[in-house]
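Enquirer: Structure here, sequence nowhere to be found:
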């Protein structure tokens, strides 16, 4: 443990957990088993798993500890001289390595894309050595976690532990707040405004503010009113921007934020459907198509322009960054190429922006529109181009370049929609899913995850970067979505439903799974601000970040991320230390490249505890990091000790 | 009543008020009497009193109605062609009329400045015909209101009425929300972003954001480090800016928002004293003196520069305005001249800014520092220069010019400080108040008000603009502060303690007294955000505006007023209509000139009900204004009817 000097609270005496020993052993075994399962899934997908937790798990798993983190602790001098600003990629953003092509054949089998090195091997059924997950294993693992989550004893135990964790944090703050603030003051130059923060969950289609979108539209109506922007299928002719507005009976002067009507309001609470309609400016899908689509009559030029304006605001702020979600639907095979071409043609790049691909869970719509006939086709459309470009970058040259800044995948849609059927061993395989119904949440997630696993392993072999799976989970709907995410996700967006399950909440804590919470978005859609579990989760030590979800719909000022922090700070009385901790978390859980994180957080950031913190960059006091670290260790100690005692008892 | 079409709720049947008839008559009489008293005090001070309320009062006061508002309803054409932007004063902001001097003599007598036209008349005790209030009347009136406020029957009645009002608003919203939003949409160009809003309560010493102040200091350290800025009394020499920072052991690079340490935090809750210390950057009064004082070694140049930067941000936003409080202490006679000279020398003017003079209630400190020997001197220092400049503008030429943009007075300090003694008929008169103790709140307010009354009447005679008295009241401390303000104030800042007194709350409603609430400031000092009565007050129809109080200490973004609106809108789920209503209220209750309000709100803005609303400027639907107006009329009807019934019964 660190030698850092601050006021610690220690709890001593027997029966530390408040439940009988035998009971504790059973409970602990279940929890450890759950964590080991997550560790397994993380390794398969090349997701991160916290080394602190891993160390404690080794002790009961009868494994020798994993080879330790190859990152050696850098010397103080080396670490402090490392620049805090990462080098810019702006000059040649899309320059990249072009790996030699490797011939191979891809086959969609059982919902997974299997890779063969020759036709011969296809016939023999000899696919390349890559981890192909079978769904039975997943279903069994899922069931096991689910039974842990619903076990009454484990519920009681974890509830108690969460309360304990919360009280400890309250005590910590009471005892060390002044010291924390003092150490922040002593850091030259650095304060909350100039520590890096990442908006870890924000959709680019609503990444601009309503005022910004309005201004942009008005400007275009002034400067490009005679440009043809839309093809009217009924009239069989292309319309100019002014013709489009004439057809809507709107003049540029008339337009205001109210007619634009994209902000969430009292009509959207618990109405995700109404909320989706808000994406259409003035309620007109035409305008959405013209201004916020990459693939339209003007080849997405306007959308690219407005994105670049948003990005330039971020650049001006210098320390604010965003991970924008942009859609791939899996409706057609050429979506990836079109997106990548759009990105490159318009030079959509900023040091302050990284991309996540969001896949809307709307198979039923593509199916109804006859784009696809089964779910397997959707998966093929989503993943095949990525396999191809991985084995031969030149096969989709723009995509290869664009992917440089794609850090992962998100799965999005209304979680509160009822799910027709559960995912069981009897559920048809993707190619056999020809029904007009939408598959359930866990089915979507499993097949996305399983293909990402294969893809990542292939990419690692090819010396390419891998992708993170960071789905929306626990915004609404069933709690078991969070069980799925616990196994399959690197980190998640929302997660507010963890408040309904103490067991999952405790497991998310022990596994330090990142959760990007957007209280303002929740407030408009599912959960009013004062009831948001954010402050409880934060106190208990869950790994939270704050994100905006969509400034277009939820925010009022020109600085949506700061607005999000400000409201949280005010309503929940966060200290400057809390705010900087959240900012640091946001960088850690982001998909920014490792090298960039080394600049922003310090060279040693992957180290456990205060050794991994560089207050000169993060403005987070070591005391805070030490408190979180020591508390986590003690918590892991309790459950792993209980198992060791029981093992020892068996041996003697 | 308006013919406007919307869903109204009407309540019919006998016993409408829910209490017995006799009881209702007594209660109503007391309430009416209280309102009549306020009306009297408003007239004396040339404050506004709502004509709707006045009309109902006339009916029971056996007076023929006052001559109606001289403003005739303008024709639609005339009204709509009136420009929405007021003409700018930027070219010659300090140009003004120079009234001929009139000889006269001022004497401080009984705490009031009495005006005599000749020495002869001084000897005869024949002062000019101006309203000189005697404090006995005030004390009697205050007592009467106080007994109304504490009467149990009136408490029950008003509680019920407030609940009624709140439910009616809920119903109104439920029934008319969509129609309200539709009418907002139909207004061309206008939306919440481009309706005028005034930050009705903000102190200039903390009018900039913490980040702005930090940047300003850093910039000065770069560009003016060798400028002498501070006279060190101990060393008997002037120090340059860099010497000052050397003496504090700080380099420009070191400085950050944390060391600046001006933001309110957990240490300031319920600690106004701690909060006041926060005014000192880096905890150093030296820096406060250099950067945020008008009267220092550099003659307030830095403070003027930073104020101009803040004002230019407002100008850029175009629709945001602020009424900054700036201090006159009453410690020395030349404070006014110094302030005015500072203002003129530095050309501190913006169309988006108006001034209120704040007088800190810190007699005890001036007395202890031997600036003054009695309270009368403080009053003389405060008011005499204003009387002099009124009778002879050339006697204080800069002051005469500066006053052009001073719209009134504020009284400020920690209301929660215990008050040594109550203000009674035995309390010494101001010149006899030689004690080292601080006088009570109502004593301060009475003597300020009484002198403002004389001054205003004199100024009106001289064709000069008059001043509004807009004190802080009901932020903390005793509820009776609000009784004082009910009588003496045009409108108030804070008022959150009205939640403790249903009677006062109801009276503030009936008299439509403006209340500038700053929930974020309250949240840091006295009342956590979720417990703020703002949403209840607003629903009940009290005349509220939102204000920031001090961005330096409470806000995080570059747009503090928008941040204030945003948080309120999010946490309390305000609609766009609510937000625009608040913005309109803020203009109405502001001290901006009548002509400016005619541009911003429309030519007919002083008219009752929807006739006074111009949705093209305010973006407030007529429906909302009609609802508020009709509800107020019905409420006034209930209490005035009860009295008329009782009068009629007496007559028959």
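Expert: Good, I have the coordinates. The structure presented is a predicted model; accordingly, all values stated were derived computationally and were not measured.
Enquirer: How about the residues of the stretch 101-250 of chain A by chain B?
Expert: For the stretch 101-250 of chain A, the residues in contact with chain B (C-beta under 8 Å from any C-beta of the partner chain) are A:177, A:181, A:184-185, A:187-194, A:211, A:214. Backbone N, C-alpha and C define where each C-beta goes, glycine included.
Enquirer: can you list the weak-confidence ranges in chain A?
Expert: Where chain A drops to pLDDT under 70, the residues are A:1-3, A:14-17, A:62-74, A:646, A:648-652.
Enquirer: which of the residues of the stretch 101-250 of chain A next to chain B count as buried?
Expert: A:177, A:181, A:184-185, A:187, A:189-194, A:211, A:214 (16 or more other C-beta atoms under 10 Å in any protein chain shown).
Enquirer: Among the residues you listed, name the ones in helices.
Expert: For these, the ones inside helices are A:177, A:181, A:184-185, A:211, A:214, with DSSP state H as the criterion.
Enquirer: Please identify which helix or strand holds residue A:44.
Expert: helix A:21-45 (DSSP states H and E).
Enquirer: Enumerate the positions of the helix or strand following that helix that are buried.
Expert: Going down the chain from helix A:21-45, the next helix or strand is helix A:51-60, by DSSP H and E. Under the neighbour-count criterion of 16+ other C-beta under 10 Å, helix A:51-60 has A:52-60 buried.
Enquirer: can you check stretch A:406-419 too?
Expert: Under 16+ other C-beta under 10 Å, the buried positions of stretch A:406-419 are A:406-415, A:419.
Enquirer: same check, this time on stretch A:302-311
Expert: A:302-308, A:310-311.
Enquirer: Just those: which are in helices?
Expert: Checked against DSSP H, the buried residues of stretch A:302-311 include these in helices: A:302-308, A:310-311.
Enquirer: Is the spatially closest residue to residue A:412 that is not a sequence neighbour within a helix or a strand, and which one?
Expert: Distances taken as C-beta to C-beta, 6 or more residues apart in numbering or on different chains place residue A:358 nearest to residue A:412, at 4.7 Å, with adjacent residues excluded. For residue A:358, the element it lies in under DSSP H and E is strand A:353-360.
Enquirer: what does residue A:579 give?
Expert: Using DSSP H and E, residue A:579 falls in helix A:576-589.
Enquirer: Of the residues of the stretch 101-250 of chain A next to chain B, just say which sits nearest to residue A:100.
Expert: residue A:194 (43.4 Å; C-beta to C-beta).
Enquirer: wouldn't that closest one be in contact with residue A:188 here?
Expert: No. Using C-beta atoms under 8 Å, residue A:194 is not in contact with residue A:188; the gap is 11.3 Å.
Enquirer: any common contacting residues for those two?
Expert: Residues touching both residue A:194 and residue A:188 (C-beta atoms under 8 Å, 6 or more residues apart in numbering or on different chains): residue B:256.
Enquirer: circling back to that earlier point, just the buried positions in the helix holding residue A:44, please.
Expert: For helix A:21-45, by 16+ other C-beta under 10 Å, it's A:24-35, A:37-39, A:41-42, A:44-45.
Enquirer: Return the list of helices and strands in contact with it.
Expert: Secondary-structure packing of helix A:21-45 (3 or more C-beta pairs under 8 Å, 6 or more residues apart in numbering or on different chains; DSSP states H and E): helix A:51-60, helix A:135-150, helix A:152-185, helix A:441-461, helix A:480-488, helix A:502-510, helix A:622-651.
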